[in-house]
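Chemist: let me see the structure of the following:
(one chain, ligands or ions: 1)
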Amino acid sequence: MQDIQNIEMQDFLKDMVEPLLSWYQANKRDLPWRKNTDPYRVWVSEIMLQQTRVEAVRPYFENFIKKLPNVQCLAEVPEEELLKLWEGLGYYSRVRNMKKAAQKICDCFSGAFPQSYEEILSLPGIGQYTAGAIASIAFNQPNPAVDGNVLRVICRITEDGRELSNPELKKSVTEQLRKIYPKEHAGDFTQALMELGAVICVPNGSPKCADCPVQFMCRAFYSGSQMNFPVAAKKKARKIQKKTILLLCCKDKVAIRKRDEGGLLEGLWEFPNLEGFYSEGELETILKEMRVEFGKAVFCGEKKHIFTHIEWHMQGFLAFCKNESSQFTWVTKEQLNEEFALPAAFQKFKKYIAFADNDSVAQIQ
Ligand code: SF4
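Modeler: A predicted model of the protein is given here:
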């Protein structure tokens, strides 16, 4: 019974191939990573685009490719320099894994990007989606790249009511698509599905069915049930953590330190900070224990930063220190801008360092 349903579904889905390819040729966006199908460029763009909007990725992609134009450059780049190129994109384990993968390509594949799906999948940080994207876009192999965008499109077209988190859904959509992949245009088909999910069958708000090349076969369109698909699993509420961020300034320098290994934002630089919220008086006591003497602390306001499962609710204080405590690394504003990667959560307070002289501090309030 299951096989019969799959065969029918495959017959049904194959009608989308030609209209989707034609639509893609006429409507594809001019994106920097589409200038050619070099596997290194496809890989960099796909990793950057995970959890990140196209418009946010554009400048990062161009800068990254300019500074590290090939696998060899990525394999050899010092970690600090690499993290600086990724500063603000978040999910830093992505780029650390890219460096490990580049080293493996140099060591095990003589520096040439592997071509088989299994070999691509064996690289650190590359899962089925990214392996499918590289194999199809760079090497024109019929390997689907199924992410949330593609699942949304297929669930709407077929009115598939399984939850997005159900691994059977992704598995069966991948297998159905694999059977209908056009062998001569595998890369274009992958990108056409992605493009449709990104600009027509959109995740937020109503899909633009009037402009959709596969409207003629979309079951959700005919029944008016587009917004019921895909079926999302109920989200768990994010954990809230309160933090006090300390902008410790001494003359022309500011204190930073490295985060511990093994946790959120591991090994990245941060402004010193404390768990919980504190008053100026409480801070004085705590900073004394940290062997930091300061003249005064100025409240810089509250900020919020959202991670996948956690929210940081932060309050900042700019503190004028009399000494450079040896617990921290002290850097100039220029060094902080040019050499040290600071995660986006801490970037939100960076502008206040500019007020770290007694004459301009009044502008904070
Ligand atoms: Fe999505 Fe509408 Fe196209 Fe169906 S017709 S695939 S719901 S945009």
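
Chemist: please enumerate the helices of the stretch 151-300 of the chain.
Modeler: Ranges of helices within the stretch 151-300 of the chain are 167-180, 186-195, 219-223, 280-289, based on DSSP state H, counting those that start in this stretch.

Chemist: of all these, which one is nearest Glu81?
Modeler: helix 186-195 (30.4 Å; C-beta to C-beta). C-beta here means a position set from N, CA and C on the backbone, and glycine is covered the same way.

Chemist: residue of the stretch 1-150 of the chain closest to the ligand, please.
Modeler: Closest residue of the stretch 1-150 of the chain to the ligand, C-beta to the nearest ligand atom: Met16 (8.8 Å).

Chemist: my read: that residue touches Arg156, true?
Modeler: No: taking contacts as C-beta atoms under 8 Å, Met16 lies outside contact range of Arg156: 11.7 Å.

Chemist: which residue packs closest to Gln327, ignoring adjacent ones?
Modeler: Distances taken as C-beta to C-beta, 6 or more residues apart in numbering put Met290 closest to Gln327, at 6.1 Å, once the chain neighbours are dropped.

Chemist: mind checking pLDDT for the one you found?
Modeler: Looking at Met290, its pLDDT is 81.

Chemist: what's the neighbour count on it?
Modeler: A count of nearby residues for Met290, using other C-beta atoms under 10 Å, gives 15.

Chemist: residues touching it, list them.
Modeler: Residues in contact with Met290 (C-beta atoms under 8 Å, 6 or more residues apart in numbering) are Pro272, Ser325, Gln327.

Chemist: ok, the closest residue to the first one other than its chain neighbours - contacts?
Modeler: Closest residue to Pro272 apart from its sequence neighbours, by C-beta to C-beta, 6+ apart: Leu246 at 4.6 Å. Contacts for Leu246 (C-beta under 8 Å, 6+ apart) come out as Ala255, Phe271, Pro272, Asn273, Leu274, Leu283, Leu287, Gly316, Phe317, Ala319.

Chemist: just how off-centre is the helix or strand hosting the last one within its chain?
Modeler: Put plainly, it is Ala319. According to DSSP states H and E, Ala319 maps onto strand 310-321. Remark: strand 310-321 is offset 24 Å from the chain centroid, using C-alpha atoms, centre = their mean, to the nearest Å.

Chemist: with stretch 95-114 instead?
Modeler: 20 Å.

Chemist: could I get that stretch in PDB with only the CA atoms?
Modeler: Provided in PDB are the C-alpha atoms of stretch 95-114 (Å, rounded to 0.1, in the frame of the first residue of the first chain):
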ATOM      1  CA  VAL A  95      32.700  28.200  10.400                       C
ATOM      2  CA  ARG A  96      35.000  26.300  12.700                       C
ATOM      3  CA  ASN A  97      33.700  23.100  11.000                       C
ATOM      4  CA  MET A  98      34.300  24.600   7.600                       C
ATOM      5  CA  LYS A  99      38.000  25.100   8.500                       C
ATOM      6  CA  LYS A 100      38.100  21.400   9.700                       C
ATOM      7  CA  ALA A 101      36.400  20.300   6.400                       C
ATOM      8  CA  ALA A 102      38.900  22.400   4.300                       C
ATOM      9  CA  GLN A 103      41.800  20.700   6.100                       C
ATOM     10  CA  LYS A 104      40.300  17.300   5.400                       C
ATOM     11  CA  ILE A 105      39.900  18.200   1.700                       C
ATOM     12  CA  CYS A 106      43.500  19.200   1.600                       C
ATOM     13  CA  ASP A 107      44.700  16.100   3.500                       C
ATOM     14  CA  CYS A 108      42.400  13.400   2.000                       C
ATOM     15  CA  PHE A 109      41.400  14.700  -1.400                       C
ATOM     16  CA  SER A 110      44.600  16.500  -2.500                       C
ATOM     17  CA  GLY A 111      42.800  19.900  -2.100                       C
ATOM     18  CA  ALA A 112      40.100  19.200  -4.700                       C
ATOM     19  CA  PHE A 113      36.500  19.300  -3.500                       C
ATOM     20  CA  PRO A 114      35.200  15.700  -3.400                       C
END
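
Chemist: all set, thanks.
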